[in-house]
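*Asks:* I'll drop the sequence and a predicted model, then ask my questions.
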Amino acid sequence: MNRYPAWKYALIALAVVLGFLYTLPNFYGESPAVQVSSGRATVKVEASTLARVEEALKKANVAYTAALLDANSVRVRFADTDTQLKAKDLVNQALNPDPANPTFVVALNLLSSSPNWLTAIHALPMYLGLDLRGGVHFLLQVDMQAALTKRLDSLAGDARSQMREKNIRHSGIAREGQSVRVRFRDAETREKAKRLIGDSISDLVLTESQDGEEFRLVGTLKQEAVKRTQDYALKQNITTLHNRINELGVAEPVIQQQGADRIVVQLPGVQDTAKAKDILGRTASLEIRMVDEEKMNPETLAAAAKGEVPFGDEYYVERNGAPLLVKKAVVLTGDRLTDAQPGFDNQTQEPAVHLTLDGTGARIFRDVTRESIGKRMAILLIEKGKGEVVTAPVIRSEIGGGRVQISGRMSTVEANDTALLLRAGSLAAPMEIIEERTVGPSLGKDNIEKGFSSTKWGFLAIVAFMSAYYVLFGLISSAALGVNLMFLVALLSLLQATLTLPGIAAIALTLGMAIDSNVLINERIREEVRGGATPQAAITAGYERAFGTILDSNITTLIAGLALLIFGSGAVRGFAVVHCLGILTSIFSSVMVSRAIVNLIYGHRRRVQHLSIGDTGWK
Amino acid sequence: MEFFKIRRTIPFMRHALVFNIVSLITFILAVVFLASKGLHFSVEFTGGTVMEISYKDTADVDRIRGALDKAGFKDTAVQNFGSSRDVMIRMPIVQGQSSADLSQKVMGTLQADNKDAELRRVEFVGPQVGKELAENGALALLVVSIGIVLYLALRFEWKFGLSAIIANLHDVVIILGFFALFQWEFSLPVLAAVLAVLGYSVNESVVVFDRVRENFRKMRKASTPDVIDAAITGTISRTIITHGSTQIMVTTMLIFGGPALHYFALALTIGICFGIYSSVLVASPLLMWLKVDRSQFAKVKKDKREENDGAVV
């Protein structure tokens, strides 16, 4: 009666083997590595990058143990830190010929030293949180009010220029708070304006009001426009942060949205918070200027390359390598750019980038283009006082209305990247750091060690006690507890959930609580034996009767765990994830696994005289 | 080995009133401490900056205070943390000063004073985050309580749910009372511990309640107090062994876990000790006074699986 069918043993054995496989990578430790990832939106890491890295290392006779290419990066593993440092410099020189303007981010990292076949089945070590590996964590709050006022400002500008075009006379237009107000002298003009603005600016809800002689039109942002503006601001800020953080050379930065208006930035291994904060807070700007074609000829360009730039000009190199002389006078700044999207030219179906300018920007742009047909303009991204030419198109015709299309000699990918760069240049809305956490590497190591040793000693103490108290059944319970620990670690590795110090505490606590199920079972079996049941019947009854209780008590614990998971943040969530997973694994291991072992030991014997479960002789 | 050779049912319910008065007094004391002293919230809840700095030799706390005062940092609290070589500095939120500058300036000051100073940890929390954390914590507590009552009401009966949650919320208040009395730091991990204790000690009540239900069916002629006494006596050895095992883990955390896990483990220790007491000796009398009786289970028995009828060989 205490026998499992063969498939059940097989299933449990399979689970244990899988658990073991996915726990395995955690034992190999880590070895130093160099990670190469893209430093620009326009550059992709491909097989050719891997080849270049390997070639550079081979040429310098630097030995490496493995070189891998994954979705966004090339990783090369080395035997020791000295080689790693040497290799980093070598790879950096090979990939970034111009150190002032790096194309790739070359960063030091640690890689699991587990063999490749484990990596191939996605068996990775647990993902350690910042409190265990050291690093910086920021929580940034995006100022959404500012994003909305910026949007309203630009809509007010649009409305102004449109009314001027249609000769609608108003006595003032301005943004006041979170609305745009236009004043008129009579109701008739207001009606005309309302129709015009209502048709052309779909983001505004218009309401009319009157104050004595003054007729007013008040526009507020539609709900969906508010949402769109906020989403856009958040996405753009995240993109911008990505670009900036690339400069820091962080191996695995995390930049994520949290809630409606917050961004989490985690930089593992970064100790220099000052630099990190500087980079997060920096503002980049976009400038549109004219190319100085009159002075541009091979001689002046050659001279400019040597530093003799003509007066009033600046020397730049386009991204395709062509040199340019650009006038210092700024035509437009990025503030006037409200959007940049990749798309296609309506007539030629060529890939193109569509820019949208606000009212004022559109007017300036129209004036400039009217005067400069056939000439070239340059769009520059200025960061840290250093400019880069994003694109330098030829003006074909006068462009009014604020919708600008850049096309020609562009692939779809290039169009995408240019749009991204144009958008990413500046932050859509200011941000403020509302939470910061820095953990030094020595503290991280201490935390791992302390968490690990408390789990280890606690586990050993429980094993010692259980084995002394319940003898063979205690050993079986301990084995089940060990399997539970293994499953938990395997699950955490498989899910790549972030393990933090509270998470390690949760592992320890969950183990301490999981033994409860086995105590319940063992106590029940003892009770049955004392009550006169035969050993086999006592085992069956013990497991069956305890199961209902085990389920009830684990479900109540799980309710608490889930509530923590849903409402908790930071430390609490790290605890809750492990706690909940631990409850699930413990039900399986303490009931199924321990039963399987008991069945294997006792279930297949014809006659069992006595169960090795400690003292049951008293009455 | 067997610690509990209990041959006779222990008449716990005869002393029910005493148990409840004891727990009422502890509860009231805890509330008084909470009200008079309040909790010493960590920076996660209040907002502000905490820095942990490690020195090669014994840190001179007075000198660090002096150096910070001289550099113009106001309202800083400096204290030893974990060992004599580590110090912790707390600073309130200063209007108009960003966290970024603050921690760097402090570090600059300290390194100018003693170049061995090594930054171990900085934590800055803005005021808006702290408020949210407190709200979410309270919400979690509420959801856990409602969830547990609902589950127990579904699985047993509403009286079981109610008495379990009263008994265990009183644990929570007592843990908080301890933190208020000794002014231990109440941080996020402590909050997690408190809620974990809530789920954990409900466990305990569930085990006893399961037995109560079973005994109602088995002991046809016994009175309610007798049934409850038998249930507690039947489970007491398991209760103590389980709690002992969990406490072994928590104790190792207390010993080896270092300062980061200290208060977490402490909250669990208090929770486990009072958990045994309240979930067994408070929840069960409450159950009795809510007038639980056999009739509720007689009906259930017919359509439920016969899990408590014992094995048939």
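*Replies:* Received the coordinates, thanks.

*Asks:* longest helix in chain A, please.
*Replies:* The helix of greatest length in chain A, counted in residues with DSSP state H as the criterion, is given as helix A:441-495.

*Asks:* please parse the chain into its domains.
*Replies:* By default, I'm working from chain A. According to automatic domain parsing, chain A comprises the domains A:6-23+A:440-603, A:30-113, A:145-225, A:284-432.

*Asks:* not what I meant, chain B
*Replies:* The domain map for chain B lists B:12-41+B:129-300, B:48-125, with the assignment taken from automatic domain parsing.

*Asks:* same question for the longest one, mean pLDDT?
*Replies:* In this case it means domain B:12-41+B:129-300. Mean pLDDT, computed over domain B:12-41+B:129-300, is 87.

*Asks:* repeat that for the last one.
*Replies:* When pLDDT is averaged along domain B:48-125, the result is 82.

*Asks:* now do the SS call for residue A:34.
*Replies:* With DSSP: H, G, I helix; E, B strand; the rest coil as the basis, the three-state label of residue A:34 is strand.

*Asks:* what sits against the residue lying closest to residue A:474 once chain neighbours are set aside?
*Replies:* Distances taken as CB to CB, 6 or more residues apart in numbering or on different chains place residue A:466 nearest to residue A:474, at 3.7 Å, with adjacent residues excluded. Where C-beta positions appear, they are placed from N, C-alpha and C, glycine not excepted. The contact partners of residue A:466, by CB atoms under 8 Å, 6 or more residues apart in numbering or on different chains, come to A:474-475, A:477-478, A:481, A:515, A:518, B:245.

*Asks:* again, 7 Å this time
*Replies:* With CB atoms under 7 Å, 6 or more residues apart in numbering or on different chains as the criterion, the residues that contact residue A:466 are A:474, A:477-478, A:515.

*Asks:* and the nearest residue to residue A:616 once chain neighbours are set aside, how many neighbours?
*Replies:* In space, and not counting its chain neighbours, residue A:616 is closest to residue A:529: 4.5 Å by CB to CB, 6+ apart. Counted with other CB atoms under 10 Å in any protein chain shown, the neighbours of residue A:529 add up to 21.

*Asks:* what do you get for the one 5 residues further on?
*Replies:* For residue A:534, the count of nearby residues is 16 (other CB under 10 Å).

*Asks:* distance check, it against residue A:611.
*Replies:* Between residue A:534 and residue A:611 the computed distance is 10 Å (CB to CB, to the nearest Å).

*Asks:* residue A:370 touches residue A:398, doesn't it?
*Replies:* Yes: at 4.3 Å, residue A:370 and residue A:398 qualify as touching, with contact defined as CB atoms under 7 Å.

*Asks:* so what sits against both of these two?
*Replies:* Common neighbours of residue A:370 and residue A:398 are not found (criterion: CB under 7 Å, 6+ apart).

*Asks:* one step back: was I right about the residue nearest to residue A:616 contacting residue A:617?
*Replies:* No: between residue A:529 and residue A:617 no contact is recorded; they are 9.3 Å apart, counting by CB under 7 Å.

*Asks:* I'd like the average pLDDT over stretch A:587-602.
*Replies:* The average pLDDT within stretch A:587-602 is 92.

*Asks:* straight-line length of that stretch, end to end?
*Replies:* Distance between the boundary residues of stretch A:587-602 (CA to CA, to the nearest Å) amounts to 22 Å.

*Asks:* how about residues contacting that stretch?
*Replies:* For stretch A:587-602, contacts defined as CB under 7 Å, 6+ apart pick out A:2-4, A:9, A:12, A:476-477, A:479-480, A:483-484, A:487, A:514, A:517-518, A:535-536, A:539, A:543, A:547, A:550, A:554, A:608.

*Asks:* mind running it again at 8 Å?
*Replies:* By CB under 8 Å, 6+ apart, the list of residues contacting stretch A:587-602 reads A:2-4, A:8-9, A:12, A:15-16, A:472-473, A:476-477, A:479-481, A:483-484, A:487, A:514-515, A:517-518, A:521, A:535-536, A:539, A:543, A:547, A:550-551, A:554, A:608, A:611.
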